[in-house]
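In: Here you go, sequence then predicted model.
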Amino acid sequence: MDLTVVVIPTYNEAANIQGIIHAVMDLPVPLDLLVVDDNSPDGTANIVQGLQETFPQLHLEVRQNKEGLGPAYIHGFKWAMDKGYTYLFEMDADFSHPPKALAPMLALLEANKADVVIGSRYKTGIRVRKWPLSRIVLSLGASLYVRIITGLPVADPTAGFVGYKIKALSSIKLDDIRFKGYAFQIALKFWLWKKDFRIVEFPITFTDRAAGDSKMNTSIINEAIFGIIGMKLRSLFKKQT
């Protein structure tokens, strides 16, 4: 039987985590859920632990240090590979990614129509709610920049709502991807594209978080700007980082 796990990294998501767990667990498709928490001081992990008796398919990994999005996802990906899952999704805890999209995105993987499916904000126009114009312009500019630098034929290369076949993820040397922020999302798509895996974009409507604080900061932006150039240059000389 093919099993699917949804990986959600958290840091100080106590205001959102119970709601997103219920939203995923209530979907009409069988899904496991792994929360990778970076030792949140607001008690996020305690809330997850309290729900594990209700949801036996809910799992928790607590890391001792806050190291960023990329290392948290790598931890979750390796956990899923060790457990024998067939499909894996990554998504945020803050409801910016619509949980109901998981079912049709999973169907694309199960029907072998894609190896990677991206919940895309920009595949069919601009599908973003509650963002100021400045943030939309920044995001669109980042997407254009990534496409120009890398050649990646994806409308939303910075998207963080993505489904993978585990066999695709397993082809990447995850420990060689050292990005901590949103550049990690770009790198995954780039290397999978370079390896000729099929990437499909599924249009979603992205909604800005209603609770909790954004993790975006200057260092994350700088990492994406300069790190992507370095990644592209390295790709000219070898297959992966």
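Out: Looks like it arrived, so ask away.

In: Just the C-alpha atoms of stretch 152-172, please, in PDB.
Out: Written as PDB, here are the backbone C-alpha positions of stretch 152-172 (Å, rounded to 0.1, in the frame of the first residue of the first chain):
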ATOM      1  CA  LEU A 152      13.700  26.600 -14.300                       C
ATOM      2  CA  PRO A 153      10.400  26.500 -16.300                       C
ATOM      3  CA  VAL A 154       8.200  27.000 -13.200                       C
ATOM      4  CA  ALA A 155       5.900  29.900 -12.700                       C
ATOM      5  CA  ASP A 156       6.200  29.700  -8.900                       C
ATOM      6  CA  PRO A 157       9.700  28.400  -8.100                       C
ATOM      7  CA  THR A 158       9.700  29.700  -4.500                       C
ATOM      8  CA  ALA A 159       6.500  27.900  -3.600                       C
ATOM      9  CA  GLY A 160       6.500  26.000  -0.300                       C
ATOM     10  CA  PHE A 161       3.500  23.800  -0.900                       C
ATOM     11  CA  VAL A 162       4.900  20.800  -2.900                       C
ATOM     12  CA  GLY A 163       4.200  17.100  -3.200                       C
ATOM     13  CA  TYR A 164       7.000  14.600  -4.200                       C
ATOM     14  CA  LYS A 165       7.400  11.000  -5.000                       C
ATOM     15  CA  ILE A 166       9.800   9.700  -2.500                       C
ATOM     16  CA  LYS A 167      11.800   8.100  -5.300                       C
ATOM     17  CA  ALA A 168      12.400  11.600  -6.700                       C
ATOM     18  CA  LEU A 169      13.500  13.100  -3.400                       C
ATOM     19  CA  SER A 170      15.800  10.100  -2.800                       C
ATOM     20  CA  SER A 171      17.700  10.900  -5.900                       C
ATOM     21  CA  ILE A 172      19.000  14.200  -4.400                       C
END
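
In: Am I right that E61 sits in a strand?
Out: Yes: the assignment for E61 is a strand, going by DSSP: H, G, I helix; E, B strand; the rest coil.

In: give me every residue that touches it.
Out: Contacts for E61 (C-beta atoms under 8 Å, 6 or more residues apart in numbering) come out as 34-37, 75-76, 79. Yep, even glycine has a C-beta here, placed from its N, CA and C like the rest.

In: Distance from stretch 7-20 to the middle of the chain?
Out: Here stretch 7-20 shows a centroid-to-chain-centroid distance of 14 Å under the convention C-alpha atoms, centre = their mean, to the nearest Å.

In: what's the average pLDDT for that stretch?
Out: The pLDDT scores in stretch 7-20 average 97.
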